[in-house]
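Participant: the following block contains a protein sequence and its predicted model.
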6 protein chains.
Amino acid sequence: VSQQSAVEYLAHGQIPFFRLPSVSRPAPLPAGTGAVILGVPYDGGTTAEPGARFGPFQVRRVSAFVQGWHSVHRLAVFDRLRAVDGGNVVFPPFDAAAVRSRIEAEVGSALRHGVVPFLVGGDHSIALPALRAMARHHGPVAVVHLDAHFDTSGPEVWGEPVHHGTPLRHAIEEGLVLTGQLHQIGIRGPWGAPTDGDLGADHGARVVTPDEVAALGPAAVAGSIRERVGDLPVYLSLDVDALDPAFAPGTGTPVPGGLTSREALALLRGLAGIRLVGMDLVEVCPGRDHADVTGYVAAHLLYEGLALAALRVPAVRPSPPDRE
Amino acid sequence: VSQQSAVEYLAHGQIPFFRLPSVSRPAPLPAGTGAVILGVPYDGGTTAEPGARFGPFQVRRVSAFVQGWHSVHRLAVFDRLRAVDGGNVVFPPFDAAAVRSRIEAEVGSALRHGVVPFLVGGDHSIALPALRAMARHHGPVAVVHLDAHFDTSGPEVWGEPVHHGTPLRHAIEEGLVLTGQLHQIGIRGPWGAPTDGDLGADHGARVVTPDEVAALGPAAVAGSIRERVGDLPVYLSLDVDALDPAFAPGTGTPVPGGLTSREALALLRGLAGIRLVGMDLVEVCPGRDHADVTGYVAAHLLYEGLALAALRVPAVRPSPPDRE
Amino acid sequence: VSQQSAVEYLAHGQIPFFRLPSVSRPAPLPAGTGAVILGVPYDGGTTAEPGARFGPFQVRRVSAFVQGWHSVHRLAVFDRLRAVDGGNVVFPPFDAAAVRSRIEAEVGSALRHGVVPFLVGGDHSIALPALRAMARHHGPVAVVHLDAHFDTSGPEVWGEPVHHGTPLRHAIEEGLVLTGQLHQIGIRGPWGAPTDGDLGADHGARVVTPDEVAALGPAAVAGSIRERVGDLPVYLSLDVDALDPAFAPGTGTPVPGGLTSREALALLRGLAGIRLVGMDLVEVCPGRDHADVTGYVAAHLLYEGLALAALRVPAVRPSPPDRE
Amino acid sequence: VSQQSAVEYLAHGQIPFFRLPSVSRPAPLPAGTGAVILGVPYDGGTTAEPGARFGPFQVRRVSAFVQGWHSVHRLAVFDRLRAVDGGNVVFPPFDAAAVRSRIEAEVGSALRHGVVPFLVGGDHSIALPALRAMARHHGPVAVVHLDAHFDTSGPEVWGEPVHHGTPLRHAIEEGLVLTGQLHQIGIRGPWGAPTDGDLGADHGARVVTPDEVAALGPAAVAGSIRERVGDLPVYLSLDVDALDPAFAPGTGTPVPGGLTSREALALLRGLAGIRLVGMDLVEVCPGRDHADVTGYVAAHLLYEGLALAALRVPAVRPSPPDRE
Amino acid sequence: VSQQSAVEYLAHGQIPFFRLPSVSRPAPLPAGTGAVILGVPYDGGTTAEPGARFGPFQVRRVSAFVQGWHSVHRLAVFDRLRAVDGGNVVFPPFDAAAVRSRIEAEVGSALRHGVVPFLVGGDHSIALPALRAMARHHGPVAVVHLDAHFDTSGPEVWGEPVHHGTPLRHAIEEGLVLTGQLHQIGIRGPWGAPTDGDLGADHGARVVTPDEVAALGPAAVAGSIRERVGDLPVYLSLDVDALDPAFAPGTGTPVPGGLTSREALALLRGLAGIRLVGMDLVEVCPGRDHADVTGYVAAHLLYEGLALAALRVPAVRPSPPDRE
Amino acid sequence: VSQQSAVEYLAHGQIPFFRLPSVSRPAPLPAGTGAVILGVPYDGGTTAEPGARFGPFQVRRVSAFVQGWHSVHRLAVFDRLRAVDGGNVVFPPFDAAAVRSRIEAEVGSALRHGVVPFLVGGDHSIALPALRAMARHHGPVAVVHLDAHFDTSGPEVWGEPVHHGTPLRHAIEEGLVLTGQLHQIGIRGPWGAPTDGDLGADHGARVVTPDEVAALGPAAVAGSIRERVGDLPVYLSLDVDALDPAFAPGTGTPVPGGLTSREALALLRGLAGIRLVGMDLVEVCPGRDHADVTGYVAAHLLYEGLALAALRVPAVRPSPPDRE
């Protein structure tokens, strides 16, 4: 079976994502692998509270409690997808450029082998090299971006062009994102300047605030995205601070008034059918979490992303019940 | 009056539930007692994070801050009901079978004296002996079950038939629950297998997910339950993980995407008029709580359950204002 | 510019509210100042968990991460308003009467200079001297009161007429609040006695529970308040326990079933246009907070209050973009 | 037997100190009672971090895990002493003078009945009324005072003569302490002024810093006290901040460099033979504790004080083994 | 090399003890393996605060920061010893007898292959099956037991003969411990009865309290043990509550007045030369830890145990420097 | 007076170190200033748990509770020294080289004005630019280095030559430290390689482990340092992880077995008379602290450093008592 059983897990000292098979990189992924989950323990791009470097460790640990059968999509996600834990991306942590090139290389390698990469950060600066690899492989992509912030800051703010507040700026400027295909959900709170949203707006970005998600319903928001992206390749970039701090306290730049966990999960479920080509889940900061509240919702959101990929895998045979 | 005043409380070293009169079991309950609240400090049936054995202590402590006049039902709950704190059920904690038989005996004793028992766990495995006592006294009962999980797992999962993931399985198999009268609210998240819901479904269980509670509104969900149970005896089994971890972090098997505190409270209020014959409130794990957030919502949910029982007590005389 | 930049802030050891200019009282406020934020580190009126005396320190620290451009009102709040941090009110902390008279004096001084005072508590007992100063300057005012509690308790409860459960009682009895202009939002939970709401009701208070806020929507609730207050002077008294403990755990008398952060923020935004003459934000208890969840929502709510004041300041010149 | 068994305790919802018999005041104490433990949930005299009002609740809860046979003194402490939990002292919490007079009355009542009173605070201001009752009954007493601070501040510091930094000042000035019989252990850290120690010094106080305790050994320090107090009545006033914050983080005015738990326990054991006439244990602040570290050491220190009293009770018959 | 480098570790998602090679049981251990570290995630024998089931996960995670060169013994511990992480022992967690037999089987298997087993608990009840395997292989052994408690309780206390308070009772009664070779270090605090130490005393146990460790010095205590055990096989059973709660808050039955981390580490270092045949490290309860304080000291104590085993491995060649 | 009074402090919203006068850099320091305390909110050199960037904010806040009269040296430290809070060093946080050059410039500027600089980090990498400024001004200096680690790692470990594990390596290699005048106190635990201490040893470093500090006594260790440094300029570099994690949990690379707070404080007091030319206090990580335990001991250690500088200031007139 694709996941270990619960007893096997408790009996297992080492914890791969979702109790999945684990592949020590750079060993090649097994034939038939549909998705690889990679930890990216890097938070050198953090402007406020650091600690997201330990995000992959927490999400791995907590994900052991997440089962495999999707009760809404009615799908054995891990069976269908054949996902593996690919370990963490290896890099010299004080060399930001080297970090980015290693991420880009790992993501590119997965894509070349037909494997959908899922990155677990780490801070949001890791989205830039992932998008570079995406665009190199697929051409510019549609981006569904859940976040409290635009992430299109300029270099004037912190004296540095690349950090966790800028990945979308560079992605747009480097042509990695299809015009009219940036979907930013969860944006809220005061801005630094009236022009904060201009870069995205000029690129045709659609911004949906949490209040709008509540008013329209997450299913409707997801439906309109699904309609607009059609069969374009979609990259999903999920900053856990898209959620309200009540639901995700363990993050470094919280903003009150965010999505509920139910809305975020429903949003992802509502994207069923999109052609997901990659995903990152970032800014999980375990040192600021309590009772693993953030870790759990992060693991479930990652699971929903994996389900989106699984839904695109043709069912060659009826997936057998994975009992537990 | 039924509750101590606030000053008396702060001046009081020992803390009974809701500042109620306290009866050290096995002393008999005073004549006229309408409800007894019993702590059940047992978590030997826990599969993940333990610690619910200390739930009764936290709920007692926090409940001291809960007043007695129900502002929606317009009712002096404790005056009308004459509730007492019956202490904790006494058992040898390493003998699970003995634990269950002691719970069954205590609950049965209350029922025989016409007193509605309220159990504060402890883990959810304590619901099985409570339901056995219920069925012995009332015959099979309707069950309103708030939980993130079905609690109908089989023995294959953990190598043991009775633990906190199985009380409803045994209750159904032992004929303790009326067919078509299992109402499961809050169920969500991935399942272990596609068959996870089959046992309940075959018994006519109605499952309402948190998304459905939000869509229908908690009052409507409660209304449809009220209609279906009519004047049948109803047992209310409330696992605090029915709530989202943001609202109830102090629990051992949290699942994101749950009920809000407002929904859970409204659901219980919406059941006004049902014939409540017993209740458990389980899986409160104080060691994982923060700022008593879980303890407070648990105490208020317990209060709502007591209010349901109080509403069925005829008002022989106008209940006097209990001032504080 | 009105706020320091983010780099300046991190480089700055001392943290004024929102990185604003800081004025050490009793130095006079600069000409043109539109609002002064004053900390009131006093919790001698607390009945349950103390610690709100350190609220001003936490809100100052956390507010450094709040930007200045209001993305809904499209307004550079601090530029328009010219707000300053006026330090804390100075008082002998064991002399409750002296505390109150110092608060009244400071608030009165601000009002006399045409400056809108914002108090950051501290416990809710500080609202009484603020309202006294308001009434002395403006005559009786309309009060928008967000809270879980009526705050109209009588002296019989704790053997003392003035504490954090009584400011509205005294304000009504002393004629500081306009009849029919007390708007209490967030009230919920069991009462001590059926008469708990009588004092307010007799004064024409309108009570809106969190369930009603959800049913009507916060914008509609705000709209009806706006309509009723018209151009009357409005004092906003915001006890952070109006929010559910999930959103604001760091407070001393939490009640489950409260407002979400989104509702509270929307409510304040919906009041745009009212004539705000003063505000307090109270009961933030940092020792019970986690990951600054309460501190952040408090800072954002305070920001929304400042925005309400800023909206009433005529724009003499187009406000320049404050970049960051 | 004097204590409940461990199983009885877990089965017991309400938690008296050390599982002792509990007497609801003002009911009279049973004949033969040797000591009464009284909670004093008052922290209105706190200058820094408040919260000690909940100290009695934590010490009660944690003390349930403390056994009764003293393995050094070889004595069944509770059997010999016949100690009871007398509940908390009742007072109106906002009236400091009334608080003090109620404490003085309760302590005086115990003394008149030949019962040794043990107070569990609450802040250190409660020591003053206790000493007043002591002096009224016994005449001036010897005082063994464990603390980081002199507690002889004057009214100029906080604008108030009576708070938790002043009990020893008043005790000396009111003639409650025998000249040359104030023993202050644990004093350390910077002072406010060079004269801070003068009041005590003029009264013949002996100050022993933690460094001196370490150099001499706690047994020797205790021995020299024992020698000096002879058979004088001794009052033991124990501020938990005498310990280093590593051993007692849950307190409001911590000072690094304090006693270890081993030193503090050995010091009390070393006083065996003194004529203890009363004790307070103060400044336990559970909201700032972690994993009950402070609560446990406080409960054990209280136990050592009770052992000192028990050692003075003649053994009329061989104390039977209290098995558990 | 024996350990991964630090960069490799951060880049590695899964965390074996001390970054050692990991062997998934029941795969056979590689030839030449000198020691196997096994997690035992079981806390079903806990009487007070549970949670030690997660101990192995925390110690693994934290041990990644522990280096390999012993600066006192001047030894590359992992190079010399060839230690591996053997995963966790697999068992059905609700069947205590099966848990014990699986532990006994795993420990026995290691011993038969000439590999020294190190168990990381879990609660102290796991020591009993380990000692059974020891005695079966080596005959009765000497036991060095660091603990706050005797762990020789009888069945009368909790109605059950085998739990975490009884392993030494059974080990003595079953003849697993050599007479006069039980060394109990760290014992302290009140006892349940004067006879609590009798079972050990009758078996010639030597008890050293923390005060005696301080008086003699840990090196002298270790020296006297070393002398008495000579070349007998020694089993080391280390309950982390031997340490004071200040140094090890994350445990379930803390007792103030314990060993410092320095004393405990020095004690183990002082045993250099003994013939260590097995070790357990138990009662690490991560849910009650703070900042991994307990996890770190546990990992270092485990490292010291491994060093003792390594010191007995002949150096066939000069151990190369393991650089990092 | 040099410090604000306690009431002034509570009434003051902004918190300078020790309630000292505050100077916003780059404004010049007032004439007569003897010492400047500078925050350095930078943790970009952290290898394990980050968060020390917020150290200056916590130490400032907590230091408000530290008084000014040194009861051992009998000296009004702040009166004699005329210390000021110079704010934080300003830098672009993602440019490590710029960070270092700004620190070097600020420290150099203080030295040129005859002011002793005290840096509050931030991570230990900030010591390198401080030492560069020291050597430029004073020539090579003696260094007293309290730490758990040598801090002389090479670039091979993390792929980067300059981070918080390397400042002493560069200081030695750049000739900033006098031969035979590196005093490393608190070093302990396993090393990465047998050669870890070679660089220091070759430079004549003296290493004193915590066990040696305990054996010799901190006063003797300090005495021998004092003797060896004579009147050489001494730089004190204090990594808070020199203390045991029980005394300083809030740090990023804890090692059990460290100094007690009493030893560390006594060590600094024992250096009375040395010619202190600068100090850093680093690796205080508030996000990992509990109840400000680490913050308090850090503030007191900083105070002891300031006292060492004050002792070298000639007393032109009898310092007046600074009362509080």
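Facilitator: Sure, I can see it.

Participant: residues in the stretch 201-324 of chain A within reach of chain F, list them.
Facilitator: Contact residues (CB under 8 Å from any CB of the partner chain) of the stretch 201-324 of chain A with chain F: A:287-288. Yep, even glycine has a C-beta here, placed from its N, CA and C like the rest.

Participant: now swap in the stretch 51-200 of chain A and tell me
Facilitator: With CB under 8 Å from any CB as the criterion, the stretch 51-200 of chain A comes near chain F at residues A:51, A:53-54, A:92-96, A:98, A:158-160, A:163.

Participant: A strand includes A:Ala142, no?
Facilitator: Yes - assignment of A:Ala142 by DSSP: H, G, I helix; E, B strand; the rest coil places it within a strand.

Participant: isn't it right next to A:Asp231, touching?
Facilitator: No - look at A:Ala142 against A:Asp231 with CB atoms under 8 Å: they stay out of range, at 10.0 Å.

Participant: what about the strands in chain A?
Facilitator: Secondary structure of chain A (DSSP state E): strands located at A:35-40, A:69-70, A:75-76, A:83-88, A:116-121, A:141-146, A:177-185, A:206-208, A:233-239, A:275-282.

Participant: out of those strands, which is closest to chain C?
Facilitator: strand A:206-208 (9.8 Å; CB to the nearest CB).

Participant: note down every partner strand of the closest one and its orientation.
Facilitator: The strands beside strand A:206-208 in its sheet (DSSP bridges) come out as strand A:177-185 (parallel).

Participant: just how off-centre is the partner strand within its chain?
Facilitator: What separates the centre of strand A:177-185 from the centre of its chain is 16 Å, taken as CA atoms, centre = their mean, to the nearest Å.

Participant: just the buried positions in it, please.
Facilitator: For strand A:177-185, the neighbour count (16 or more other CB atoms under 10 Å in any protein chain shown) marks A:177-178, A:181-185 as buried.

Participant: same check on stretch A:57-73?
Facilitator: Within stretch A:57-73, the residues scored as buried using 16+ other CB under 10 Å are A:57-73.

Participant: give the contact list for A:Arg102.
Facilitator: By CB atoms under 8 Å, 6 or more residues apart in numbering or on different chains, the contact set of A:Arg102 is A:89-91.

Participant: please repeat the previous calculation with a cut-off of 6 Å.
Facilitator: Neighbouring residues of A:Arg102 by CB atoms under 6 Å, 6 or more residues apart in numbering or on different chains: A:89, A:91.

Participant: circling back to that earlier point, would you list the strands of chain A in a markdown table and tack on distance to B:Ala266?
Facilitator: As requested, the strands of chain A are exported to a markdown table (distance: least, CB to CB, whole Å):
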| stretch | distance to B:Ala266 |
| --- | --- |
| strand A:35-40 | 39 |
| strand A:69-70 | 29 |
| strand A:75-76 | 33 |
| strand A:83-88 | 39 |
| strand A:116-121 | 36 |
| strand A:141-146 | 29 |
| strand A:177-185 | 28 |
| strand A:206-208 | 28 |
| strand A:233-239 | 31 |
| strand A:275-282 | 33 |
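
Participant: who has more neighbours, A:Ala142 and A:Asp231?
Facilitator: The residue with more neighbours, out of A:Ala142 and A:Asp231, is A:Ala142; 23 against 8, by other CB atoms under 10 Å in any protein chain shown.

Participant: and chain C, which of the buried residues of stretch A:57-73 contact it?
Facilitator: Cross-checking those against chain C (CB under 6 Å from any CB of the partner chain) gives no overlapping residues.

Participant: from E:Leu168, how far out is A:Gly86?
Facilitator: Distance of A:Gly86 to E:Leu168, given as CB to CB, to the nearest Å: 46 Å.

Participant: likewise A:Arg262?
Facilitator: Between A:Arg262 and E:Leu168 the distance is 51 Å, computed by CB to CB.

Participant: likewise A:Ala133?
Facilitator: 59 Å.
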